[in-house]
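Participant: Just the structure for this:
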Amino acid sequence: MRYVNFGNLSVLEEQRKRQKRKKLTFIGLFFVGVVLASIVGYFAYAFYWPLSAALGQILKNPRIALSFFRNPSGEIKSTDGRTNILILGIDKRSDVPYSFMGPSGKEQRNGFLSDTIIVASVNIKTKKVSLISIPRDVWVGIPSWQNFPASQGKINSAYSLGDLYDYPGGGLKLAERIVGDNLGVPIHYGIRIDFDGFRKIIDTLGGVDIVVERSFDDYEYPVEGKETANCNNDTYYCRFRHLHFDAGLNHMDGETALAYSRSRKGTNGEGSDFARARRQQKVIQAVFKKALSIKNLLDPIKLNNLFQEFGKSVESDFELTALPKAIKFVREVDMNSVETFVLDPSTTLMVSPSPDLYGGAYVIIPKNNNWDPVKAKIKEFLGIN
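Facilitator: Numbering: from 1, shown residues only. As a prediction, this is how the structure comes out:
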């Protein structure tokens, strides 16, 4: 078994030559807000032109088109009465492409780490939503495939590794497998969204309203694009900026909501992974509610802009054949009583061992290195017998 500090994975160092492949990626036509790309699916139902655009994507591939029209009523996957969706927010910068042509003329891909990892579980009967946040530093086993040996590393590297090293189905499928294996519940669908998409979608919605529980500052929030800048040896004023959030109701644009979600060095108890995960859950719920507002549903320009942004920034493995059922399902989802859970050392299920044992890296592992109590707690939280 090899050990790799994937938390410090360098995109440029980990690139390798690979065969050009066509990857089936679908616009996220699933849970509005809960799975951010799902807004498109609901809007396609209400307005003919988004539906036409979605069908255009289907018709680009004859095999997909044939499957869709032969079986237009595909079922939504579920287990134990729940549909589980993995949401990944990846650390992709606007100036770094997903892939590029290497010197040999073959496509090479940039691997991106996951900055946000959340499982949204929907009860099929009650339509109530449960959100499970997984800190990016959780240490997990990485399975072997093809020429990639089994290893261990931080869970936030799963998407990157699957993308870089040709895991069947890509990074999203590998992340789904690893998250599902460690939580003890199957992941039925996955979706990833990059930072640009996150910002633009919130801006298109006109911003979101977030209740900040307590005021806090972050004096070391990284400036995008300046993460490794020398700054003439004055790195603090070049690479970081000061964030401040007041307690109470805050209206946030895309950039502000992203910073609120990502802040790691907050004062007043907001510097922990637990606090950060809670903030991310708040933003997801706010996006969901804003997207479903009557004002947004009746604004064709805003809907069109949302549709366009999703196509650029979102990847999902949701089957288009299940679109009719998904539309009905999404409309019935209840976001007024969302339950939340964070897999964090504060739960007593997880601990943070000495970094010396992990090559100097800060990691989070299950107590006694045993995932069984974690799996039992997750099932209890979800009401699974």
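Participant: Pull up the distance across stretch 107-123, start to finish.
Facilitator: Length of stretch 107-123, first residue to last, Cα to Cα, to the nearest Å: 41 Å.
Participant: Tell me how far it lies from the chain's centre.
Facilitator: 4 Å (Cα atoms, centre = their mean, to the nearest Å).
Participant: swap in stretch 176-187?
Facilitator: Using Cα atoms, centre = their mean, the offset of stretch 176-187 from its chain centre is 15 Å.
Participant: report the longest helix in this structure, please.
Facilitator: When the chain is parsed with DSSP state H, its longest helix is helix 273-291.
Participant: what's near enough to touch Ile177?
Facilitator: Just to correct that, residue 177 is Arg rather than Ile. Pro143, Ile187 (Cβ atoms under 8 Å, 6 or more residues apart in numbering). No exception for glycine: its C-beta is placed from N, CA and C like everyone else's.
Participant: What residues of the longest helix of the chain count as buried?
Facilitator: Residues 273-288, 290-291 are the ones in helix 273-291 that count as buried (16 or more other Cβ atoms under 10 Å).
Participant: give me the element Thr116 is part of.
Facilitator: strand 114-123 (DSSP states H and E).
Participant: same check, this time on Ile210
Facilitator: Following DSSP H and E, the helix or strand that holds Ile210 is strand 208-212.
Participant: Please identify the pairing partners of that strand and their relative orientation?
Facilitator: strand 248-252 (antiparallel) (DSSP bridges).
Participant: tell me the mean pLDDT for the strand it pairs with?
Facilitator: Here strand 248-252 scores 97 as its mean pLDDT.
Participant: what do you get for stretch 118-126?
Facilitator: Mean per-residue pLDDT for stretch 118-126: 92.
Participant: Grab the nearest non-local neighbour of Gly271.
Facilitator: Using Cβ to Cβ, 6 or more residues apart in numbering and skipping residues adjacent in sequence, the residue nearest Gly271 is Lys265, 5.5 Å away.
Participant: what sits against that neighbour?
Facilitator: Neighbour list for Lys265: Asp218, Tyr219, Glu220, Tyr221, Gly271 [criterion: Cβ under 8 Å, 6+ apart].
Participant: quick one: which two of those are the most distant?
Facilitator: Tyr221 and Gly271 (11.5 Å; Cβ to Cβ).
Participant: Go through the strand holding Ile210 and flag the buried ones.
Facilitator: With burial defined by 16+ other Cβ under 10 Å, the residues of strand 208-212 counted as buried are Val208, Ile210, Val212.
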